[in-house]
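# Sequence plus predicted model, see below.
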Amino acid sequence: MTGDAPALLRRPGEAAKPEAPAFGPAVIVAEHLTARFGTNTLFRDVSFAVKRGEVFVILGGSGCGKSTLLKLMIGLVPPAEGTVSILGTDVWSTEGEARLGLLKRIGVMWQQGALFGSQTLLENVIMPLAEHTTLPPAAREEVARAKLGLVGLSEAASRLPSEVSGGMLKRAGIARALALDPAILFLDEPSAGLDPITSAGLDELIRDLSRSLGTTFVVVTHELASILAIGDRCIMLDREAKGMIAEGDPRDLRDHSTHPTVRAFFRREAA
Ligand SMILES: Nc1ncnc2c1ncn2[C@@H]1O[C@H](COP(=O)(O)OP(=O)(O)OP(=O)(O)O)[C@@H](O)[C@H]1O
């Protein structure tokens, strides 16, 4: 049990620091990224690497560019400057089949979950398998049921999105994002709109999936409880500084950062 703080040193309500697994080589490398819309520069010169198997959190206050950074990593918004590579391939200089192949190796769950309302949870998870694989229908269904099982939704497979809770919708969104066995899963504000208990359950699921599947997670959030529960490492963006103001283990940042904005973020929300 390396890296586990003795129980007496933990804060009330804080889970044991998760075991520090041996993370693999970098699967995402971002170098000197600048994001700009017109004359509005959100951030500049942001560099970091995400290692295989870790839960990497992008945090920061509203409007600092967290979601934009995520979009820039997955090929939806081009950087004004800098480069980002995923699994060794430059996202923005790769085109055609190679780019499609790369994008198939990542999964994304957007804040709203974005399930099709007229389809059952099972059909929603089958959809990417029908679109991107040559599996016959029975095999697609088998895989989709297995993914729903992974997120604890086996019993809800035949329900429509309107017939399940907000937490179940997020789980179904994760099951769908996992359908093609992505190497990296991007989650945009997974806790948004959830009560604290449901949110804590989702955090536990993310950690379990990360450890059991070895999937790398990149999670955008500003929920402190989630950051501390799931994050192996994080970066913090700041709107005023227009850039990255911290990088590291979120618990270390909470306890030891001397940067006033970083301290304020962790202390205010922890209080
Ligand atoms: N396509 C776009 N065109 C112009 N401006 C944009 C675009 N996308 C985002 N912005 C602006 O960039 C800023 C940062 O947006 P972004 O969604 O990346 O921030 P965020 O840190 O994720 O915020 P929040 O936590 O509130 O979701 C916002 O002021 C937004 O209006």
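Structure received.
# Secondary structure element holding the most centrally placed residue in the chain?
By C-alpha atoms, centre = their mean, the chain has its centre lying nearest to residue 219, at 2.5 Å. Element membership of residue 219 [criterion: DSSP states H and E] is strand 216-220.
# just checking, what packs against that strand?
Secondary-structure packing of strand 216-220 (3 or more C-beta pairs under 8 Å, 6 or more residues apart in numbering; DSSP states H and E): strand 26-37, strand 40-51, strand 55-59, helix 66-73, strand 184-188, helix 196-213, helix 224-230. For glycine as for every other residue, the C-beta is placed from the backbone atoms N, C-alpha and C.
# Can you tell me the closest non-neighbouring residue to the residue in the stretch 101-250 of the chain positioned nearest to the ligand?
The minimum distance from the stretch 101-250 of the chain to the ligand, using C-beta to the nearest ligand atom, falls at residue 222 (5.8 Å). Using C-beta to C-beta, 6 or more residues apart in numbering and skipping residues adjacent in sequence, the residue nearest residue 222 is residue 59, 5.8 Å away.
# Now do the same contact list for that neighbour.
By C-beta atoms under 8 Å, 6 or more residues apart in numbering, the contact set of residue 59 is 66, 220-222, 227, 234-237, 250, 265.
# Next: residue 239.
Neighbours of residue 239 in contact, by C-beta under 8 Å, 6+ apart: 42, 60-61, 63-65.
# Let me know the pLDDT of it.
pLDDT recorded at residue 239 is 93.
# Then residue 9?
Note for residue 9: predicted pLDDT of 43.
# what's across from residue 106 in the sheet?
Note on residue 106: beta-bridge partners by DSSP bridges are residue 184.
# these two touch, right, the residue of the stretch 101-250 of the chain closest to the ligand and residue 64?
No. Using C-beta atoms under 8 Å, residue 222 makes no contact with residue 64, being 9.1 Å away.
# Mean neighbour count, the helices and strands packed on strand 216-220: which tops it?
Comparing the helices and strands packed on strand 216-220 by mean neighbour count (mean count of other C-beta atoms under 10 Å), strand 55-59 ranks first with a mean of 26.
# Which helix or strand contains residue 139?
Under the assignment here (DSSP H and E), residue 139 is part of helix 137-150.
# tell me which residues in the next helix or strand after that helix are buried?
For helix 137-150, the following helix or strand on the C-terminal side (DSSP H and E) is helix 166-177. Neighbour-count burial for helix 166-177 flags 167-177 (criterion: 16 or more other C-beta atoms under 10 Å).
# Outside of stretch 147-157 itself, list whatever touches it.
Residues from elsewhere that reach stretch 147-157 (C-beta under 8 Å, 6+ apart): 120-122, 125, 145, 164, 168, 171-172, 174-176, 178-179, 205, 209, 213.
# ok now stretch 215-234, how far from the chain's centre?
How far stretch 215-234 lies from its chain's middle: 7 Å, per C-alpha atoms, centre = their mean, to the nearest Å.
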